[in-house]
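K.L.:
Mind folding the following:
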Amino acid sequence: MKAIYLDHAATTPMHPKVIESMLPVYQDVFGNPSSVHQFGRKARRILDEARRTIAKSIGASEKEIIFTSSGTEADNLALIGTARANRGKGDHVITTAMEHHATLHAAKQLEKEGFRVTYLHPDKSGLIGMEELEAALTEDTTIVSVMTVNNETGMIQPIKEIGELLEKHQAYFHTDAVQAYGVLDVSVAAMKVDMLTVSGHKINGPKGIGFLYAKEGTQMQTLHYGGEQERKRRPGTENLPGVKGLQTAVQVMLEERESRMETYHRYKKLFLETLEDEQIEFTINGELENMAPTIINLSFPGMNVETMLTNLDLAGVAASSGSACTAGSVEPSHVLSAMYGKEDARTINSIRFSFGMANNEENVVDAAKKISQVIKRLSE
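P.N.:
Next comes the predicted model:
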């Protein structure tokens, strides 16, 4: 039995071209990019070329790209680093109750340091209301952080509208675009964001590499201490093979993004149609028309997340109950709790399925049939 992977929102398989591009760096380019001799210059060229490619992909300047070890580190740097650097302007931060834990836990740390944090709650469709955000803004607000695509529901937030609202406000606008970059057109100018987070392993790149876009002029304190790499914002010798792999993943993504969008929309449609044909009872958490093509979160009445995931795994289907960072936890989804309330059954009977490079039409249909068989058996 060949297992079917429907958990691309947690991580994605590396693209063959990414692996191919990284091997020569591991084998031949061992110089430190900060060294002035020829070995260092050879490494520096790879770093600079990657930075230019990545900056161009979002319409930024290469000076505005900070390489990090992950999306989590980038989120931490954006929130904590910027809040600390701008404390003289205010101590108020706004985020949402359904952010990734990389943002939520950073916000909790800021609260421990005396910052005031407002957590916006979404409506039942999973969207943040502009009126609620506007009402939460104060003259002391220095950061607003709202993710572009929710990692559990796939819901696309009104980022451009938020950016327009904040244009005349002192607050910096940060978005976690980890689930968006790769399937949506991400332009920092169009989105009107000051900071933006991306992770390599979500776009068929390597783990251990990500980046933070920080608009030129953004006041930010470093979270680490050491050398002067990344324009003094993130010290430490750069992960050169990872950077090269990320560059290649970005290049492949830009070439294939449109076709991927169409493909993943088709997979999602096939998946839902097959479940319906199998007469399985389910509801969609969120609204399809405002959802990224890669993610679908379904509630199965009468089911239990832990039992379902175990049985799906035994049947050869890999899925998730939400964020990969909380996989293995039986706690109710904080995202669905924010949408529906903590006591709602959907917080403990919902499964996230996410599509990507490991899928084709055949295994998507096959997965839906296996899921149906599991649900029918557990319902007996």
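
K.L.:
Quick one: residues contacting residue 222.
P.N.:
Residues near residue 222 by Cβ atoms under 8 Å, 6 or more residues apart in numbering: 77, 81, 232-235. To be clear about C-beta, it is placed using only N, CA and C from the backbone, and glycine gets the same treatment.

K.L.:
The stretch 1-150 of the chain: strands as residue ranges?
P.N.:
Assigned by DSSP state E, counting those that start in this stretch, the stretch 1-150 of the chain shows strands spanning 4-5, 65-68, 92-96, 116-120, 141-145.

K.L.:
Of those strands, which is nearest residue 281?
P.N.:
Among the strands of the stretch 1-150 of the chain, the nearest to residue 281 by Cβ to Cβ is strand 4-5 (21.8 Å).

K.L.:
who touches the closest one?
P.N.:
When contacts are defined by Cβ under 8 Å, 6+ apart, strand 4-5 is touched by residues 13, 316-318, 356, 358-359, 363-364, 366-367, 370.

K.L.:
please redo it, this time with the cut-off set to 7 Å
P.N.:
Residues external to strand 4-5 that are found in contact with it (Cβ atoms under 7 Å, 6 or more residues apart in numbering): 316-318, 358, 363, 366-367.

K.L.:
Mind jotting down where the strands sit in the stretch 151-300 of the chain?
P.N.:
In the stretch 151-300 of the chain, the strands defined using DSSP E, counting those that start in this stretch lie at 172-176, 195-199, 210-214, 283-284, 295-299.

K.L.:
Of those, flag the one that's most buried.
P.N.:
Mean neighbour count, computed with mean count of other Cβ atoms under 10 Å, is highest for strand 195-199 among these, reaching a mean of 30.

K.L.:
helices or strands up against that one?
P.N.:
Contacts defined by 3 or more Cβ pairs under 7 Å, 6 or more residues apart in numbering; DSSP states H and E place strand 195-199 against helix 71-76, strand 172-176, strand 210-214.

K.L.:
Mean confidence (pLDDT) on the first one, please.
P.N.:
Spelled out, it's helix 71-76. Averaging pLDDT along helix 71-76 gives 98.

K.L.:
So which elements touch it?
P.N.:
In this structure, helix 71-76 makes packing contacts with helix 101-112, strand 195-199, strand 210-214, judged by 3+ Cβ pairs under 7 Å, 6+ apart.

K.L.:
and these as CSV, adding distance to residue 273 and mean pLDDT?
P.N.:
CSV is the format used below for these (distance: least, Cβ to Cβ, whole Å; pLDDT from 0 to 100):
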stretch, distance to residue 273, mean pLDDT
helix 101-112, 33, 98
strand 195-199, 31, 98
strand 210-214, 35, 98
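
K.L.:
quick one: which of the strands of the stretch 151-300 of the chain is nearest residue 350?
P.N.:
For residue 350, the closest of the strands of the stretch 151-300 of the chain is strand 295-299, at 4.5 Å, according to Cβ to Cβ.

K.L.:
just to revisit the earlier point, quick one: which of the helices and strands packed on helix 71-76 is nearest residue 129?
P.N.:
Judged by Cβ to Cβ, the one of the helices and strands packed on helix 71-76 that comes nearest to residue 129 is helix 101-112, at 18.7 Å.

K.L.:
Please compute how far the closest one lies from its chain's middle.
P.N.:
Put simply, helix 101-112 sits 17 Å off its chain's centre (Cα atoms, centre = their mean, to the nearest Å).

K.L.:
Same question for stretch 173-183.
P.N.:
The chain centroid and the centroid of stretch 173-183 are separated by 6 Å, computed with Cα atoms, centre = their mean.

K.L.:
which residues are in contact with that stretch?
P.N.:
Stretch 173-183 has contacts (Cβ under 7 Å, 6+ apart) with 9, 71, 75, 78-79, 99-100, 103, 143-149, 151, 159, 162-163, 166, 186, 191-199, 202-203, 253, 257, 260-261, 264, 292-294.

K.L.:
So, low pLDDT: which residues of this structure?
P.N.:
Scanning the chain for pLDDT under 70 picks out 322-330.

K.L.:
report the longest helix in it, please.
P.N.:
helix 240-277 (DSSP state H).

K.L.:
elements contacting that one?
P.N.:
helix 16-28, helix 38-57, helix 361-379.

K.L.:
Same list, the ones you listed, but as a markdown table with mean neighbour count and distance to residue 335 please.
P.N.:
Shown next, in a markdown table, are those (neighbours: other Cβ atoms under 10 Å; distance: least, Cβ to Cβ, whole Å):
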| stretch | mean neighbour count | distance to residue 335 |
| --- | --- | --- |
| helix 16-28 | 14 | 30 |
| helix 38-57 | 17 | 28 |
| helix 361-379 | 18 | 21 |
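
K.L.:
Relative to residue 74, how far out is the nearest residue to residue 79 once chain neighbours are set aside?
P.N.:
Counting by Cβ to Cβ, 6 or more residues apart in numbering, residue 79 lies nearest to residue 106, which is 4.2 Å off, once chain neighbours are set aside. For residue 106, the distance to residue 74 equals 10 Å [Cβ to Cβ, to the nearest Å].

K.L.:
Same question for residue 252.
P.N.:
From residue 252 over to residue 74 the distance is 21 Å, taken as Cβ to Cβ.

K.L.:
again with residue 215
P.N.:
With distances taken as Cβ to Cβ, residue 215 is found 14 Å from residue 74.

K.L.:
got it, and residue 183?
P.N.:
With the distance defined as Cβ to Cβ, residue 183 ends up 19 Å from residue 74.

K.L.:
So between the two, which is more surrounded?
P.N.:
residue 74 (29 against 24; other Cβ atoms under 10 Å).
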